[in-house]
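S.K.: Starting from these lines, generate the structure:
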Amino acid sequence: MNTADQHAEPVVVTISNSAKEDAHAVFEVLRRAYACDREAGDRPEYVSEGHATVWTATFDVATALAPAAPVRLTEPVEAEMQGGYWAVDRMTETLAAAFEVERRGTAAGDQEKDVQLRLLSRTG
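M.R.: Prediction:
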């Protein structure tokens, strides 16, 4: 048994400035790949039309459940991930299997890092 199997490796994912359908598509890719703090039927919804909405979920990337496959988005998705270095890197690899990933910024701390990504539908 390796160290990753022995303890949780949580990554908090925040999605904003996106259509709720696209946010749902990203969360579903991650939910199929990792354990999540949200119920399977939980879908992003707008709290109030016309106002900024931010959706958040926490995923445990210690154990991968299923590989990611490409998913089509209607528009780019802004996502932010926060967690340990290994965990965020693993989640970035998972997202890269499903989407084109543009790294927009990184803030590194002693034990964790915060990464801002822009996700687009894969081409070709």
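S.K.: any low-confidence regions in the protein?
M.R.: 1-6, 43-52, 124 (pLDDT under 70).
S.K.: what about 90?
M.R.: The model of the chain has pLDDT under 90 over residues 1-8, 16-20, 38-55, 64, 66-68, 108-111, 122-124.
S.K.: Show me where it has its strands.
M.R.: For the chain, the strands defined by DSSP state E cover 10-16, 35-36, 54-60, 77-84, 100-108, 112-120.
S.K.: Turn these into JSON lines, columns for distance to residue 94 and mean neighbour count.
M.R.: C-beta coordinates here come from the backbone N, C-alpha and C atoms, glycine included. Listed next are those as JSON lines, based on distance: least, CB to CB, whole Å; neighbours: other CB atoms under 10 Å:
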{"stretch": "strand 10-16", "distance to residue 94": "10", "mean neighbour count": "19"}
{"stretch": "strand 35-36", "distance to residue 94": "13", "mean neighbour count": "17"}
{"stretch": "strand 54-60", "distance to residue 94": "9", "mean neighbour count": "18"}
{"stretch": "strand 77-84", "distance to residue 94": "11", "mean neighbour count": "21"}
{"stretch": "strand 100-108", "distance to residue 94": "10", "mean neighbour count": "12"}
{"stretch": "strand 112-120", "distance to residue 94": "11", "mean neighbour count": "18"}
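S.K.: could these go into a markdown table alongside distance to residue 24?
M.R.: Listed next are the strands of the chain as a markdown table, based on distance: least, CB to CB, whole Å:
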| stretch | distance to residue 24 |
| --- | --- |
| strand 10-16 | 9 |
| strand 35-36 | 13 |
| strand 54-60 | 9 |
| strand 77-84 | 10 |
| strand 100-108 | 18 |
| strand 112-120 | 13 |
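S.K.: Sweet, I'm off.
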